[in-house]
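>>> quick one: sequence plus predicted model below, questions after.
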Amino acid sequence: MSTLVLKGRKVVGGVSEGEALVTRDTISGWGGIDSNTGTIIERRHELVGQSFKDKVLVFPGAKGSSGWSHFFHLARVAGAAPKAMLFNIMTAKVALGAVVTRVPAMTDFDQNPLDAIETGDWVRVDADRGIVEVTKKAGMKPATAAE
Amino acid sequence: MKLADDEKAMLDGAMGKAKQKAMDLLLRYGEALGAERLVNVTNVASTFNAGSPALKPYAEQGMDAVFSKFNLDSDEVVETPQVEVYTCQLIHGIDTQNAHVTGVAEEAVNRQKTAERFFGERGVAMFNTCTPYQVGNVPVKGEHCAWMESSAVVYCNSVLGARTNTEGRESTGAASITGKIPYWGYHIPEKRIGTHHVDVEIDVDGMMDWGLLGYYVGEIVEEDIPVLDGIRKVPSMIKLKHFGAAAASSGGVEMYHIPGITPEADTVEKAFGSKKPRERFKYGKAERKIAYDNLNSSAKNTAVDFVMLGCPHNTVEQVWTVARLLDGKKLSPNTELWVFTPRALRDAAELAGYGDMIRKAGGHLMSDTCPAIGRIMPKGTNVIATDSAKQSHYLPAMLKTETWFGSVEDCVNAALTGQWRGELS
């Protein structure tokens, strides 16, 4: 079992863990996700059709409409929020979105989480301490669970 | 974050429960951003709607519940106070004067009307448009604002030189009753300089061309600040409105410079704050075609059911253009046409007879909403045509339709013939 640790800055405090869902595409809130299910709906997005519900969402940042926070807010209300949010590029959209989604969130990492974390890895986020622990899927999860 | 005395008083509850909740949210939000303080804002553009299905359970508890939950992110229901600074309502989901056309249920219309009265009485200007700058809300250069609506934000920063980030429903709700927002991002002068040098190598003239340029540039620069070098003709407000809306859809552009035209950069050098651009790329014929093909990638069927014009909301001049193209003609029996404009401009267009011209041809003049925001379209629509890069970007995902993008003339022709014949010349 291989593990690695990333250090970063707290955006929203708290501790949670779950399976990673990683994308190199920025995410739209309004017009980009289905709030009821947490599914990415943007047509040319690499995660189109996949849901971030109960996953640790690892993504570059937010794009698109100012409805970003409202649609992630609605995802929380619908029980379709991610477990945690890890991202690289800080914007007002993603900051407010993380705040109202009320899940642990971090940014400003010592290494790029998009390189260090793969979809299916088990990720524990301790935003209060600024630490992300990654257990690579090969050591932890059965092979059939990979992507 | 460092708080000023009035901000501390609000946080302590000395100015009422709602302001306390608002300050709590602004503090959480400011800390998330890494901001060091708040700044006073004098102009807020937000949304206080209650018509959408997701909000129905809260609206049934009353408008204070909607405001507390969705405009302040407060679990506790607090009484909604008067706004503290000039605040307007942006576009929302329901054209209350055209529910018979859109098929929106009467109870949702009534909920929206109740919200308009409730928040109107508390000082919110009911402009009901994505383009407040078209109906008299024109912030001054340097003015600190808290605006939502990505197409309005990019216009506010770039064309007007006022200062706002792309805020959300909760942060603008808090700003409306406190007059505060985190001092971060586009409020800070150094954060407003260009990052990407775009060599525009072809003439960019019509509205469609400005949409294509915006769509291409936005996808490349994402949330960064492009500087358009090589624009030879001064573009009208309509064209800049379309450029910004497109760039804020394919990417997250909140600010751009056109040296010699937009207010914060007389020259290319000034646009980059005398620094080197981070990246440089060109926009020519091939790039224009890429944008066009991407915007039309969802569509195959040339039989058009529905033509949508007016995203961002049309000016009176644009409504007139559509009315003239329709004058004396009839829409195809297989095709519907909806033309959107801000409510105040709809009155002006009606006065001038443009509404009658559009209706005589079989179309509808509408306001307050759009197909993407309201998730509305004529029953049985499979194929849409629009002159808006923004709608063409979002509608295939949101309404599961094929969507053609082209010029306003291409779109009106499709409405008259029922067939899409647009192409890139």
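Ah, there it is. Every value quoted in this text rests on a predicted model; they were computed, and no experiment measured them.
>>> just say helix, strand or coil for the residue most central in space within chain A.
The centre of chain A sits closest to A:Leu57, judged by Cα atoms, centre = their mean, with a distance of 1.6 Å. Using DSSP: H, G, I helix; E, B strand; the rest coil, the three-state assignment for A:Leu57 comes out as strand.
>>> doesn't A:Ala84 make contact with it?
Yes: using Cβ atoms under 8 Å, A:Leu57 is in contact with A:Ala84, at 7.2 Å. Glycine gets a C-beta too; all of them are placed from N, C-alpha and C.
>>> now do the contacts for B:Val268.
Counting by Cβ atoms under 8 Å, 6 or more residues apart in numbering or on different chains, B:Val268 makes contact with B:197, B:227, B:229, B:259.
>>> again, only this time at 6 Å
B:229, B:259 (Cβ atoms under 6 Å, 6 or more residues apart in numbering or on different chains).
>>> check it and give its pLDDT.
B:Val268 is assigned 97 on the pLDDT scale.
>>> quick check: residues of chain B near chain A?
Contact residues (Cβ under 6 Å from any Cβ of the partner chain) of chain B with chain A: B:28-29, B:32-33, B:54, B:73, B:148-150, B:165-166, B:168-171, B:185, B:223, B:251-252, B:394, B:396-398.
>>> same thing but 7 Å
Within chain B, the positions near chain A by Cβ under 7 Å from any Cβ of the partner chain are B:28-29, B:32-34, B:54, B:70, B:73, B:148-150, B:153, B:165-171, B:185, B:222-223, B:249, B:251-252, B:298, B:372, B:394, B:396-398.
>>> inside helices: which ones of those?
B:28-29, B:32-33, B:150, B:153, B:169-171, B:249, B:372, B:394, B:396-398 (DSSP state H).
>>> of these, which is the most crowded?
B:Ser171 (34 neighbours; other Cβ atoms under 10 Å in any protein chain shown).
>>> distance check, it against B:Ala14.
22 Å (Cβ to Cβ, to the nearest Å).
>>> ok, B:Asp24 next?
Note on B:Asp24: its distance to B:Ala14, by Cβ to Cβ, is 14 Å.
>>> which one of these two has more residues nearby?
B:Asp24 (17 against 11).
>>> roughly how far apart are A:Trp68 and chain B?
6 Å (Cβ to the nearest Cβ, to the nearest Å).
>>> up against chain B, what does chain A have?
Counting by Cβ under 7 Å from any Cβ, chain A sits next to chain B at A:11-12, A:26, A:31, A:41-43, A:61-66, A:68-70, A:73-74, A:89-93, A:95-96, A:98-100.
>>> now with 8 Å, please.
Residues of chain A lying close to chain B (Cβ under 8 Å from any Cβ of the partner chain) are A:9, A:11-12, A:26, A:31-32, A:35, A:41-44, A:61-70, A:73-74, A:77, A:89-93, A:95-100, A:105, A:108.
>>> now, the residues you listed that are in helices?
Per DSSP H, helices hold the following members of these: A:68-70, A:73-74, A:77, A:92-93, A:95-100.
>>> skipping adjacent residues, who's closest to B:Leu326 in space?
Nearest residue to B:Leu326, sequence neighbours excluded (Cβ to Cβ, 6 or more residues apart in numbering or on different chains): B:Ala361, at 3.9 Å.
>>> surely the one you found touches B:Lys329?
Yes: with contacts counted by Cβ under 8 Å, B:Ala361 reaches B:Lys329, the gap being 5.6 Å.
>>> quick one: which of those two has more around it?
B:Ala361 (20 against 13).
>>> can you pull the contacts of that one?
So B:Ala361 contacts B:326-327, B:329-331, B:337 (Cβ under 8 Å, 6+ apart).
>>> so what does it look like in phi/psi?
When read as degrees, to the nearest 10, the backbone of B:Ala361 gives phi -80, psi -10.
>>> how about the strands of the stretch 101-250 of chain B, start to end?
Assigned by DSSP state E, counting those that start in this stretch, the strands in the stretch 101-250 of chain B fall at B:124-125, B:145-147, B:180-182, B:196-200, B:226-229.
>>> okay, these in TSV with mean neighbour count next?
Shown next, in TSV, are the strands of the stretch 101-250 of chain B (neighbours: other Cβ atoms under 10 Å in any protein chain shown):
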stretch	mean neighbour count
strand B:124-125	20
strand B:145-147	31
strand B:180-182	28
strand B:196-200	19
strand B:226-229	25
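>>> any chance of the ones you listed in a markdown table, with mean pLDDT and distance to A:Ser16 too?
Below are those laid out as a markdown table (pLDDT from 0 to 100; distance: least, Cβ to Cβ, whole Å):
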| stretch | mean pLDDT | distance to A:Ser16 |
| --- | --- | --- |
| strand B:124-125 | 98 | 37 |
| strand B:145-147 | 98 | 30 |
| strand B:180-182 | 98 | 25 |
| strand B:196-200 | 98 | 36 |
| strand B:226-229 | 98 | 37 |
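>>> could you list the buried residues of stretch B:275-293?
B:277, B:283, B:287-288, B:291-292 (16 or more other Cβ atoms under 10 Å in any protein chain shown).
>>> actually, stretch B:338-349.
B:338-346, B:348-349.
>>> swap in stretch A:5-22?
A:6, A:8, A:10-12, A:16-22.
>>> what separates it from the chain centre, distance-wise?
8 Å (Cα atoms, centre = their mean, to the nearest Å).
>>> repeat for stretch B:164-179
Using Cα atoms, centre = their mean, the offset of stretch B:164-179 from its chain centre is 16 Å.
>>> for stretch B:305-312, same thing?
For stretch B:305-312, the distance to the chain centre is 15 Å (Cα atoms, centre = their mean).
>>> same thing with stretch B:129-143?
Relative to its chain's centre, stretch B:129-143 lies at 12 Å (Cα atoms, centre = their mean).
>>> low-confidence ranges, the chain, go.
Since you didn't name a chain, this refers to chain A. Within chain A, the segments meeting pLDDT under 70 span A:1, A:139-147.
>>> again, 90 this time
A:1-2, A:30-31, A:42-44, A:63-66, A:137-147 (pLDDT under 90).
>>> and the longest strand for it?
Counting by DSSP state E, the longest strand found in chain A is strand A:15-22.
>>> downstream of that strand, the next helix or strand is which one?
strand A:27-28 (DSSP states H and E).
>>> who does that following strand touch, helix- and strand-wise?
Under the contact criterion of 3 or more Cβ pairs under 8 Å, 6 or more residues apart in numbering or on different chains; DSSP states H and E, strand A:27-28 touches strand A:62-63.
>>> partners of the strand it packs on, with directions?
Applying DSSP bridges, strand A:62-63 is found paired with strand A:27-28 (parallel).
>>> format the CA atom coordinates belonging to stretch B:26-34 as PDB.
Extracted C-alpha coordinates of stretch B:26-34, given in PDB (Å, rounded to 0.1, in the frame of the first residue of the first chain):
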ATOM      1  CA  LEU B  26     -18.700  37.200   4.400                       C
ATOM      2  CA  LEU B  27     -16.100  36.200   7.000                       C
ATOM      3  CA  ARG B  28     -16.200  32.500   6.000                       C
ATOM      4  CA  TYR B  29     -16.100  33.500   2.300                       C
ATOM      5  CA  GLY B  30     -13.300  36.000   2.800                       C
ATOM      6  CA  GLU B  31     -11.200  33.500   4.700                       C
ATOM      7  CA  ALA B  32     -11.800  30.900   2.000                       C
ATOM      8  CA  LEU B  33     -10.500  33.400  -0.600                       C
ATOM      9  CA  GLY B  34      -7.500  34.300   1.600                       C
END
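>>> hmm, who's touching it?
A:9, A:11-12, A:90, A:92, A:95-96, A:98-99, A:105, A:108, B:1, B:3, B:11, B:37-38, B:170-171, B:174-175, B:178, B:180-182, B:184-185.
>>> now stretch B:177-185
In contact with stretch B:177-185 (Cβ under 8 Å, 6+ apart) are residues A:91-92, B:1, B:7, B:10, B:18-19, B:22-23, B:26, B:29-30, B:33-42, B:81-85, B:144, B:146, B:165, B:167, B:171, B:174-175, B:187, B:191, B:254.
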